[in-house]
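S.K.: structure of the sequence below:
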Amino acid sequence: MYKTFFKQGNPSNVSDLEKQTFYRFIQKSYIFHPMALGVLLYAIGGVPLFLWAMCVRVAVTYQETFMVNSICHTWGKRQWNTGDLSKNNGLVALITFGEGWHNNHNAFEYSARHGHEWWQIDFGWYFIMFLQKIGLATDVKLPSSPQVAAKLA
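M.R.: As a prediction, the model looks like this:
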């Protein structure tokens, strides 16, 4: 029921996820997860914890997402030839834990790493590396040298 209403785009780049039982379960039941979290947070800390952990957190996350999609298509530097207006913006990357390397992301959408240079802070990548070291992340995808050479601006 929810799948057809919320589904957008062609999931051709996630065929490996569609084969896994856990992710199919999450896709079919995701509407109930935030509801359960909200009830749990209210039970633990009442209205203040519910407001901070659900409402404020979601509002801040939305603003960060919108900031990436607006600022990083207006200001910053283009490292890769992507055919769109995406740019890398270091300030946005700091605020969003690495998502501000938007041109990098658009050039290599399958890559687990957005900060390609040593100085590009990417906390999402650091967390993925940690998960990989403890065995919870496998088959982590990064761009190959020929893919990088083909995208240079």
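S.K.: lowest mean pLDDT among the helices and strands of the chain, which one is it?
M.R.: helix 2-6 (a mean of 43; mean pLDDT, DSSP states H and E).
S.K.: what's the first helix or strand after that helix?
M.R.: Reading on from helix 2-6 to the C-terminus, the next helix or strand found by DSSP states H and E is helix 15-18.
S.K.: may I see the buried residues of that following helix?
M.R.: When burial is assessed from 16 or more other Cβ atoms under 10 Å, helix 15-18 yields no buried residues. For every residue, glycine as well, the C-beta is placed using N, CA and C.
S.K.: kindly report the same for stretch 130-150.
M.R.: residue 143.
S.K.: end-to-end on it?
M.R.: Using Cα to Cα, to the nearest Å, the end-to-end distance of stretch 130-150 comes to 30 Å.
S.K.: what sits closest to the residue nearest to the spatial centre of the chain if chain neighbours are left out?
M.R.: The centre of the chain sits closest to residue 99, judged by Cα atoms, centre = their mean, with a distance of 7.1 Å. Nearest residue to residue 99, sequence neighbours excluded (Cβ to Cβ, 6 or more residues apart in numbering): residue 68, at 5.1 Å.
S.K.: CA atoms of the helix or strand where the one you found lies as CSV?
M.R.: For residue 68, the host element (DSSP H and E) is helix 57-71. Listed next in CSV are the C-alpha coordinates belonging to helix 57-71 (Å, rounded to 0.1, in the frame of the first residue of the first chain):
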residue,chain,number,x,y,z
ARG,A,57,15.6,16.7,15.0
VAL,A,58,13.4,16.2,12.0
ALA,A,59,13.2,20.0,11.3
VAL,A,60,17.0,20.4,11.5
THR,A,61,17.6,17.4,9.3
TYR,A,62,15.2,18.8,6.7
GLN,A,63,16.9,22.1,6.7
GLU,A,64,20.3,20.5,6.3
THR,A,65,18.9,18.5,3.3
PHE,A,66,17.4,21.5,1.7
MET,A,67,20.6,23.4,2.3
VAL,A,68,22.7,20.8,0.4
ASN,A,69,20.2,20.8,-2.5
SER,A,70,20.1,24.6,-2.8
ILE,A,71,23.5,26.0,-1.6
